[in-house]
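> Give me a model of this one.
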Amino acid sequence: MISGIEALITKARESLAAAQVLIKDGYYDFAASRAYYAMFYVASALLANLGQSYSSHAAVISAFGREFAKTEKLDPKFHRCLIDAQDLRNIGDYGVGSHVPKEFAETVCDWATQFTNAAETLLRSHR
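Numbers count the residues shown, from 1 in each chain. A predicted model of the protein is given here:
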């Protein structure tokens with residue numbers, strides 16, 4: 001992996017660690033947001049490995065779907081997880097009167113862990 005890609009993976013791992021602490025402390029809205037960002041950084045790293053960079057979350061999610069889910073370079077479930085995690089992040093960050101339940105925050109953290117591990121394996125195989 002080249003350094004920018006490694007930096008994004010490191011940022012993803014740190015976001016995931018923060019999400020796990022936030023769950024432990026009962027901050028489920030913010031945990032879901034951090035877990036989503038972990039996945040977003042992973043998707044950005046994968047796209048950067050292809051020489052692609054995007055300025056919006058929607059563009060990253062769309063490009064990830066096109067380049068990795070549709071081609072099955074990675075399990076297509078990760079595209080669905082990324083979309084669903086963004087929805088939960090929007091509730092956690094912007095929802096007034098609605099909150100992310102603990103079990104949903106835990107699920108997003110699990111998705112982020114699986115996604116990060118799969119991406120690192122794929123990136124290592126393309127060295």
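> What lies in contact with the helix ranked longest in the chain?
Ranked by residue count under DSSP state H, the longest helix found in the chain is helix 102-125. If you take Cβ atoms under 8 Å, 6 or more residues apart in numbering as the criterion, helix 102-125 is touched by 1, 5, 9, 12-13, 15-16, 19-20, 22-23, 26, 28-29, 31-32, 35-36, 38-39, 42, 45-46, 49, 73-75, 78, 81-82, 84-85, 88. Quick note: C-beta positions are derived from backbone N, CA and C, even for glycine.
> sec struct for the most far-flung residue of the chain relative to its centre, please.
Relative to the centre of the chain, and counting by Cα atoms, centre = their mean, the farthest-placed residue is residue 97 at 24.9 Å. Per DSSP: H, G, I helix; E, B strand; the rest coil, the local secondary structure of residue 97 is coil.
> For residue 33, see how far away it is.
The spacing between residue 97 and residue 33, counted by Cβ to Cβ, to the nearest Å, is 17 Å.
> Residue 70 too?
For residue 70, the distance to residue 33 - Cβ to Cβ - is 27 Å.
> element containing residue 90?
helix 77-94 (DSSP states H and E).
> Tell me the buried residues in that helix?
78, 79, 81, 82, 84, 85, 86, 88, 89, 91, 92 (16 or more other Cβ atoms under 10 Å).
> Also stretch 47-55?
The neighbour-count check on stretch 47-55 (16+ other Cβ under 10 Å) flags 47, 48, 49, 54 as buried.
> So which of these sit within helices?
Per DSSP H, the subset of those in helices is 47, 48, 49.
> I figured the second one hits residue 3, correct?
Right, the one you point to is residue 48. No: counting by Cβ atoms under 8 Å, residue 48 sits too far from residue 3 to count as a contact (10.6 Å).
> so what's residue 41 up against?
8, 9, 11, 12, 15.
> Which residue, other than its chain neighbours, is closest to residue 89?
residue 36 (3.7 Å; Cβ to Cβ, 6 or more residues apart in numbering).
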